[in-house]
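1. Mind looking at a prediction? Sequence and model below.
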Amino acid sequence: MEHDNIRVLIAKPGLDGHDRGAKVVAYALRDAGMEVIYTGLRQSVEKIVAVALQEDVDAIGLSILSGAHRALTERLLAGLGDRAKEIAVLVGGTVPERDIPALLELGVSKVFPTGTPLSEIAAEVRAAVEAKRAAASAT
């Protein structure tokens, strides 16, 4: 099935120094036909927002293992401002089940706890981007 090109930014905000999972997800998304931009370790939220806007991405995937997922996600969404309506924000990593509803309430499209199958991540990223595109074209 042919899909419009999807550009995804994978980012590691904050002081977390482990990026193996983020790289595995980046490769899986690339293998699923998406264009992936990886920012590297220890990025500020402001830098992530700037790169996302400069690269005109469809989705931002935050990989967070530090436990600061809510605060970092809130800052990212605030930094995106109105563009958050167009860019799917996804959070993966060490996210307790009890925190998922709060992240979704903030405006996150999908949360992927550690251990989520890669095929599910690729399908959900595609679905989140398609939903944002559909919502944008309806307005």
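-> The structure has been received and is ready for your questions.
2. residues touching residue 94, list them.
-> Neighbouring residues of residue 94 by CB atoms under 8 Å, 6 or more residues apart in numbering: 64, 65, 66, 67, 69, 113, 114. For glycine as for every other residue, the C-beta is placed from the backbone atoms N, C-alpha and C.
3. where are the low-confidence patches of the chain?
-> 1-3 (pLDDT under 70).
4. the strands in it, which residues?
-> For the chain, the strands defined by DSSP state E occupy 7-11, 35-38, 59-64, 88-93, 110-113.
5. got those strands as CSV, with mean neighbour count and distance to residue 25 columns?
-> CSV is the format used below for those (neighbours: other CB atoms under 10 Å; distance: least, CB to CB, whole Å):
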stretch, mean neighbour count, distance to residue 25
strand 7-11, 25, 6
strand 35-38, 18, 9
strand 59-64, 26, 7
strand 88-93, 24, 7
strand 110-113, 20, 8
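6. export those strands to a markdown table and tack on distance to residue 100?
-> Formatted as a markdown table, those follow (distance: least, CB to CB, whole Å):
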| stretch | distance to residue 100 |
| --- | --- |
| strand 7-11 | 19 |
| strand 35-38 | 24 |
| strand 59-64 | 13 |
| strand 88-93 | 9 |
| strand 110-113 | 5 |
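7. Bridged to the residue positioned nearest the centre of the chain, which residues?
-> Relative to the mean C-alpha position of the chain, the nearest C-alpha, by CA atoms, centre = their mean, is the one of residue 61, at 1.8 Å. Beta-bridge partners recorded for residue 61 (DSSP bridges): residue 10, residue 90.
8. That one against residue 28, yeah?
-> No: at 10.8 Å, residue 61 does not count as touching residue 28 under the criterion of CB atoms under 8 Å.
9. Kindly provide the distance from residue 113 to residue 49.
-> Distance, residue 113 to residue 49, by CB to CB, to the nearest Å: 24 Å.
10. residues contacting residue 38?
-> Residue 38 touches 9, 10, 11, 22, 23, 26, counting by CB under 8 Å, 6+ apart.
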